[in-house]
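S.K.: generate a structure from the sequence data that follows.
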Amino acid sequence: MGSNCGVWLAKYLLCLFNFLFFVIGTIVLGTGTWLAVDKASLIALLKMVESEHINQFTQPRVIEQMAYVLIAIGSLMFFMSFLGYCGAIRESRCLLTTYGIFMIMLLIAEFVAGGLAAFYKDKARAETKMFLQSTITDYYSTQANMDAVTLMWNQLMAQMSCCGVSDYRDFDGSLAWVSNKGNRTLPEVCCILKDVSQLLPRDDDCVTNPSERNSYYKKGCYEVFTDWIISHREIIFGVLLGVGVAHLFAIFLAFCLCKAFAKYHGMRL
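M.R.: Residues are numbered from 1 along each chain as shown. As a prediction, this is how the structure comes out:
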């Protein structure tokens, strides 16, 4: 009796866990698909809201790139949670085994990535900075010709009070920025802002004549973000530990149920 209760509890815990992710994944995937096929309706909806901050998201290129990201994330969540939920509710050892193997592969990939980053710390730091610089060089543009990468960088710099990866000179590598910047030395978002939501500089001369009094032009976002991680390391470690424990718990339940179902079906035969 106790064994049956344990199997029943494990089965419905795994169902509940994956059902929640299934619903979230379906919403994310549906939203991404909607944005991909019908950008105009979202633009019209967002423009009804009187907010300069929200209106930054009405650029068609931003919406299109966001759609692809949401579709990719939603598809992965949908697929994994579908395997786990259907495997548990249908008592399918095949689906549960496939789910468990995929979860193990994902967990191994996370550990390998974290281990390599810790072991090759200096190289990982250099590669990260190079990647971030490439996003500016390849994609960063002006607010008038904004895409998802430009929007991301603008929000990051505005919220964290920083400029570029290392400093304001990082933007000189972006052809899209250089060809449209006019007489500006740096983007408006690198200035000390009087209105963060509208990205308006406090000093109008900042974009042409930046200094430490009116801008963050020598304060790179990589350094600021690294300092933020160090100052919040206990919280970040706790979150990562919680995710890892939940991940291991799902794997444990999947394979325990596989064994229990095999024994149960064997007894029925």
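S.K.: please identify which helix or strand holds residue 74.
M.R.: Residue 74 belongs to helix 60-89 when assigned by DSSP states H and E.
S.K.: again but with residue 137, I slipped
M.R.: helix 121-139.
S.K.: which stretches of the stretch 151-269 of the chain form helices?
M.R.: For the stretch 151-269 of the chain, applying DSSP state H, counting those that start in this stretch gives helices covering 175-178, 221-231, 233-268.
S.K.: these: lowest mean pLDDT?
M.R.: Note on those: helix 233-268 shows the lowest mean pLDDT, a mean of 82.
S.K.: tell me how far that one is from the chain's mean position?
M.R.: 24 Å (CA atoms, centre = their mean, to the nearest Å).
S.K.: and it, what does it pack onto?
M.R.: helix 2-37, helix 60-89, helix 93-119 (3 or more CB pairs under 8 Å, 6 or more residues apart in numbering; DSSP states H and E). No exception for glycine: its C-beta is placed from N, CA and C like everyone else's.
S.K.: let's see 6 Å
M.R.: Helices and strands touching helix 233-268, by 3 or more CB pairs under 6 Å, 6 or more residues apart in numbering; DSSP states H and E, are helix 2-37, helix 93-119.
S.K.: which one of the ones you listed has the poorest average confidence?
M.R.: helix 2-37 (a mean of 84).
S.K.: and the angle from that one to helix 93-119?
M.R.: Angle, helix 2-37 to helix 93-119, by axes from the mean of the first three to the mean of the last three CA atoms, to 10 degrees: 70 degrees.
S.K.: what comes up buried for helix 2-37?
M.R.: 7, 10-11, 14-15, 17-19, 21-22, 25, 28-29, 31-32, 35 (16 or more other CB atoms under 10 Å).
S.K.: which one of those residues is nearest to residue 254?
M.R.: residue 14 (6.6 Å; CB to CB).
S.K.: in this structure the closest one contacts residue 253, no?
M.R.: Yes: if you go by CB atoms under 6 Å, residue 14 and residue 253 touch, sitting 4.6 Å apart.
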